[in-house]
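Trainee: Okay, here's the prediction I keep looking at, along with the sequence it came from:
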Amino acid sequence: MERPKIDLNPFYEHAIQQAEIGVHAVDTAGTTIIYNRKMKQIEGLESAELMDRSLLELFRFDREDSTLLRVLQTGEPILNVKQTYWNRRGQEITTINDTYPVREREKLIGAIELSRDVTKLERAMYQPLKNNEEPVTFASITAVSTSMQRVVETAKKAAIARLPALLIGESGTGKEFIAEAIHQAAADAGQFYTLYCHSADQELIHQLSLELKELENGTIFCERIDMMPHELQSHLLHVLENCRSNGIYYIASVAGDPVELIASNRLLKELYYFFSSLSIQIEPLRNRKEDIVPFTESYFEKHRLQYGSAIHGLSEEVKRLFFLYDWPGNLKELEMLLDEIASVAAADEIVTPDLLPAHFLQRIQPDGGRKPEDFVVFSKKELIPLDAYLQEAENYYLQKALNMYDGNVTKAAEALGMSRQNLQYRLRKMKKNEGQS
């Protein structure tokens, strides 16, 4: 007896809607035809908002930066691309996407994108002191460069002296690990607590004051005190001064020159004095690239032990690319890149260029992949609107000035003949525009 034919469309529809991966399909005009439940959850939109609107109306990025539109133009798949963008509600979204052309009888009829939501993961990975398998000690910190060896030696002195310490360094340089290593070096270390100052409020500071009265030993690490409003900084200082004699050790961190932070009213002078008995400057990774390979070797060794992967190191070409890159996100950016590589290369012993994510390969091009002729008015390339051209030229020149002065905003502003505040405003605007691409 012949089995009755079953319409599979309801099954396909159910699978698409219930999948824990975002599905977004468009026709050749860029108009949405499939937008599943998970994609609505990721992007905060409803189906009604998508009707008769193109992608460029819904999301703030350029046409060439939309993987769906690029696949429509080229007819070629684009795989494993990380995108950070803002939807029409102003929500920041980060996804890793695989985008494919859709054909019927060899004719391109649209494109479909499968998106993994990594927004929460991205934010979590930038949070300091994530739960490590083992406590961080001085022995586990990569310190091959002279500057990092000095950091470790000074940090060891801080652990012995038990005086308040201030860790100074850009985001991602590993200040939190130095703080934990100082804590672990004490014979009676007790508990290690982190106060995330960027999300602190009056209630949290009040709760801290109550808990400090109950503690007999331990370490309080105040992460990024420069991110708190002045009123909260003053409140925190009052709490810490009242609990100074109960055996608690205090460490804090800032992401810039304390003198500049005080001058720009981002750091309370008295709070700086409280922590500055011992100041430890941690250099950005671009100034100590000899630490890159040892860090990756240590990372892969732990990964082999924990996950049974086969990766042992980097090819010479990948090492060269890593040395070319400036690592604006420092060790944290390197660690996240290694996480991404390890997730797709578990069976490979050596990391070769073909295993590097596309977004990283794009970033290692000088000046973000722009060539000098891109800034020549009479270039033979297709003209772009004047406002866009001037914005591109300004971004290029500002970045060039920062590179010349190793990221020192004050010196770059002087060289450009503008105030520090004006340059900071332009840099914030540039960063926001880059995030929207």
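Mentor: Received the coordinates, thanks. Numbers count the residues shown, from 1 in each chain.
Trainee: the longest helix in the protein is where?
Mentor: Determined from DSSP state H, the single longest helix within the chain is helix 386-404.
Trainee: So which elements touch it?
Mentor: If you count contacts as 3 or more CB pairs under 8 Å, 6 or more residues apart in numbering; DSSP states H and E, helix 386-404 packs onto helix 409-416, helix 420-435. For every residue, glycine as well, the C-beta is placed using N, CA and C.
Trainee: Output that helix in PDB with nothing but the alpha carbons.
Mentor: Output in PDB follows, covering the C-alpha atoms of helix 386-404 (Å, rounded to 0.1, in the frame of the first residue of the first chain):
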ATOM      1  CA  LEU A 386      31.300  64.400   0.000                       C
ATOM      2  CA  ASP A 387      30.200  64.100   3.700                       C
ATOM      3  CA  ALA A 388      31.200  60.400   3.700                       C
ATOM      4  CA  TYR A 389      34.500  61.100   2.000                       C
ATOM      5  CA  LEU A 390      35.400  63.800   4.500                       C
ATOM      6  CA  GLN A 391      34.400  61.600   7.400                       C
ATOM      7  CA  GLU A 392      36.600  58.800   6.100                       C
ATOM      8  CA  ALA A 393      39.500  61.200   5.700                       C
ATOM      9  CA  GLU A 394      39.100  62.600   9.200                       C
ATOM     10  CA  ASN A 395      38.900  59.100  10.700                       C
ATOM     11  CA  TYR A 396      42.100  58.100   8.800                       C
ATOM     12  CA  TYR A 397      44.000  61.200  10.000                       C
ATOM     13  CA  LEU A 398      42.800  61.000  13.600                       C
ATOM     14  CA  GLN A 399      43.900  57.300  13.800                       C
ATOM     15  CA  LYS A 400      47.300  58.200  12.200                       C
ATOM     16  CA  ALA A 401      47.900  60.900  14.900                       C
ATOM     17  CA  LEU A 402      47.000  58.500  17.700                       C
ATOM     18  CA  ASN A 403      49.300  55.800  16.200                       C
ATOM     19  CA  MET A 404      52.200  58.400  16.000                       C
END
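Trainee: can you count the residues close to the closest residue in space to Lys319 that isn't next to it in sequence?
Mentor: Distance criterion CB to CB, 6 or more residues apart in numbering; nearest residue to Lys319, sequence neighbours excluded, is Val293 at 6.2 Å. Here the number of neighbours of Val293 (other CB atoms under 10 Å) works out to 17.
Trainee: one step back: mind checking which of the helices and strands packed on helix 386-404 is nearest Glu203?
Mentor: Proximity to Glu203 (CB to CB) singles out helix 420-435 among those, at 28.9 Å.
Trainee: Show me how far stretch 21-41 is from its chain's centre.
Mentor: Distance of stretch 21-41 from its chain centroid, counting by CA atoms, centre = their mean, to the nearest Å, is 27 Å.
Trainee: same deal with stretch 338-351?
Mentor: 20 Å.
Trainee: do stretch 216-223 as well
Mentor: Worked out by CA atoms, centre = their mean, stretch 216-223 lies 26 Å from the chain centre.
Trainee: Name the residues of the longest helix of the chain that are buried.
Mentor: Using 16 or more other CB atoms under 10 Å as the test for burial, helix 386-404 gives Asn395, Tyr396, Leu398, Gln399, Ala401, Leu402.
Trainee: Same list, those residues, but as a markdown table with pLDDT and distance to Ile112 please.
Mentor: Output for the buried residues of helix 386-404, formatted as a markdown table (pLDDT from 0 to 100; distance: CB to CB, whole Å):
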| residue | pLDDT | distance to Ile112 |
| --- | --- | --- |
| Asn395 | 79 | 33 |
| Tyr396 | 74 | 35 |
| Leu398 | 82 | 38 |
| Gln399 | 79 | 36 |
| Ala401 | 77 | 43 |
| Leu402 | 78 | 40 |
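Trainee: Redo those residues as CSV? Include distance to Leu204.
Mentor: Output for these, formatted as CSV (distance: CB to CB, whole Å):
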residue, distance to Leu204
Asn395, 37
Tyr396, 42
Leu398, 36
Gln399, 37
Ala401, 39
Leu402, 34
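Trainee: Just the closest of those residues to Val136, please.
Mentor: After measuring the buried residues of helix 386-404 against Val136 - CB to CB - the closest member comes out as Leu402, at 31.1 Å.
Trainee: Not counting sequence-adjacent ones, nearest residue to that closest one?
Mentor: Nearest one to Leu402, counting by CB to CB, 6+ apart, is Ala412 at 5.2 Å.
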